[in-house]
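Novice: My questions concern the predicted model and sequence given below.
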Amino acid sequence: MDNELYDYSPIVEREPLHWPEGKRVAFYIGLNVEHFEIGKPSTSVYPGTAELTPDPLNHGWRDYGARVGFWRTLETLDRHGVRASVLLNSDVGDRYPQIVEAGRERDWAWLAHGRTNSVLHTGMTEDEERASLKDIVETIERTTGTRPRGWMGPGLTETHHTPRLLKELGLDYVLDWTADDQPFALNVPGVLSVPYTVELNDIGLFVSKNTPGPDFVQMLKDQVDQLHAEAEATDSGRVMPLALHPFVIGQAFRAKYLDQALEYIVNHPGVWVTTSDEIAEHYRSTRTDSTDSTDSTDSTDSKDA
């Protein structure tokens with residue numbers, strides 16, 4: 001079947017995209033702050049024990065993120081003045097309130113990221129999903145003090161109804177569809193896709209591919225330089241997301257490599273260091289092709305996504 005959620009649009013045929021102050025690349029960090037249920041398989045550093053109950057090896061590795069890795073990563077972000085775009089499981093707020101408080105003190109952006117990363121966002125009827133999303137969004141609003149505007153599913157998972165149901169709840173962008181270097185409008189009025197990455201993602205790079213730290217730094221430098229060159233040549237901006245997980249990037253021996261990469265990116269003269277919320281808002285306010293504004297639409301009239 002064809003993908004009815006969005007239309008094909010080659011990047012070479014679009015209206016130019018301009019970021020604030022003439023910057024060429026909008027950079028944001030998608031910081032995955034997650035809760036994992038004990039006894040359920042999830043992201044694992046060693047698949048050999050992933051089906052065991054309990055699985056101390058992998059569960060402890062994931063728990064390291066909330067207990068230690070987050071705080072190490074926080075220091076690095078603070079050092080470079082980077083506000084995170086937090087992909088937040090709704091279970092986090094009540095279980096790790098110190099993490100949420102740290103983010104609130106820094107005015108971070110909060111995105112809904114499902115209830116827990118132990119359960120993918122699939123297999124629900126439309127009514128079940130509507131109730132689930134309502135609970136997720138309202139829980140995040142209660143624990144962070146902010147109603148999220150963006151969504152990324154656990155494991156980047158959705159149903160065919162997710163974007164439309166999110167719109168009913170007032171959310172206006174998703175990160176799940178990693179199809180572009182620019183935001184683009186979905187065929188759900190008022191909902192955008194904002195770029196995210198499975199390539200510049202610490203799980204894929206460090207856990208799946210065993211990328212050395214210096215290579216990680218060089219990849220990020222190469223990415224921002226290439227995107228900047230393309231944006232300058234076409235007079236049309238690009239987005240550079242970096243996906244991080246505290247139980248991966250927060251390991252002690254990786255800390256200096258994130259520090260080195262951010263030193264280069266943050267001080268690049270053509271980079272707008274921002275959040276995914278601000279990227280979506282700027283695109284929506286400046287582009288003629290961003291579909292209707294967020295105060296629009298009877299969602300029953302939009303396509304099932």
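Specialist: Nice, I can see it.
Novice: Mind jotting down where the helices sit in the chain?
Specialist: 56-64, 70-80, 92-95, 97-105, 126-144, 162-168, 202, 213-234, 246-249, 255-266, 276-286 (DSSP state H).
Novice: Nearest to Thr43 among the ones you listed would be which one?
Specialist: helix 56-64 (6.6 Å; Cβ to Cβ). Where you see a C-beta, it was placed from the backbone N, CA and C, and this is true even at glycine.
Novice: list the helices and strands the longest strand along the chain packs on?
Specialist: Under DSSP state E, the strand in the chain containing the largest number of residues is strand 25-33. Strand 25-33 is packed against helix 70-80, strand 85-88, helix 213-234, strand 238-244, helix 246-249, strand 271-273, helix 276-286, with contacts defined by 3 or more Cβ pairs under 8 Å, 6 or more residues apart in numbering; DSSP states H and E.
Novice: which of those is buried the deepest?
Specialist: Among those, strand 85-88 has the highest mean neighbour count (mean count of other Cβ atoms under 10 Å), at a mean of 28.
Novice: still on that earlier bit, do you know which of the helices of the chain lies nearest Asp7?
Specialist: That would be helix 162-168 among the helices of the chain, by Cβ to Cβ, at 14.2 Å.
Novice: related to what we said a few turns ago, make CSV from the helices and strands packed on strand 25-33 and add mean pLDDT to it.
Specialist: Listed next are the helices and strands packed on strand 25-33 as CSV, based on pLDDT from 0 to 100:
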stretch, mean pLDDT
helix 70-80, 98
strand 85-88, 99
helix 213-234, 98
strand 238-244, 99
helix 246-249, 98
strand 271-273, 99
helix 276-286, 98
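Novice: of the ones you listed, which approaches Val174 most closely?
Specialist: When the helices and strands packed on strand 25-33 are compared by Cβ to Cβ, helix 276-286 sits nearest Val174, at 9.7 Å.
Novice: and Trp71, how far is that from Thr234?
Specialist: 41 Å (Cβ to Cβ, to the nearest Å).
Novice: cool, Pro56 as well?
Specialist: Counting by Cβ to Cβ - Pro56 and Thr234 are separated by 51 Å.
Novice: any weak-confidence spans in this protein?
Specialist: Residue ranges of the chain with pLDDT under 70: 290-305.
Novice: buried stuff in the longest strand of the chain?
Specialist: Using 16 or more other Cβ atoms under 10 Å as the test for burial, strand 25-33 gives 25-33.
Novice: among the helices of the chain, which is nearest Leu17?
Specialist: helix 276-286 (7.2 Å).
Novice: chain center to that closest one: distance?
Specialist: Remark: helix 276-286 is offset 15 Å from the chain centroid, using Cα atoms, centre = their mean, to the nearest Å.
Novice: From the rest of the structure, what touches that helix?
Specialist: The contact list for helix 276-286 (Cβ atoms under 8 Å, 6 or more residues apart in numbering) reads 17-20, 26, 28, 30, 85, 109, 111, 149-150, 172-173, 175, 182-183, 192, 194, 239, 241, 290, 293-294.
Novice: Among these, name the buried ones.
Specialist: By neighbour count, with 16+ other Cβ under 10 Å, the contacts of helix 276-286 hold 17-19, 26, 28, 30, 85, 109, 111, 149-150, 172-173, 175, 182-183, 192, 194, 239, 241, 290, 294 as buried.
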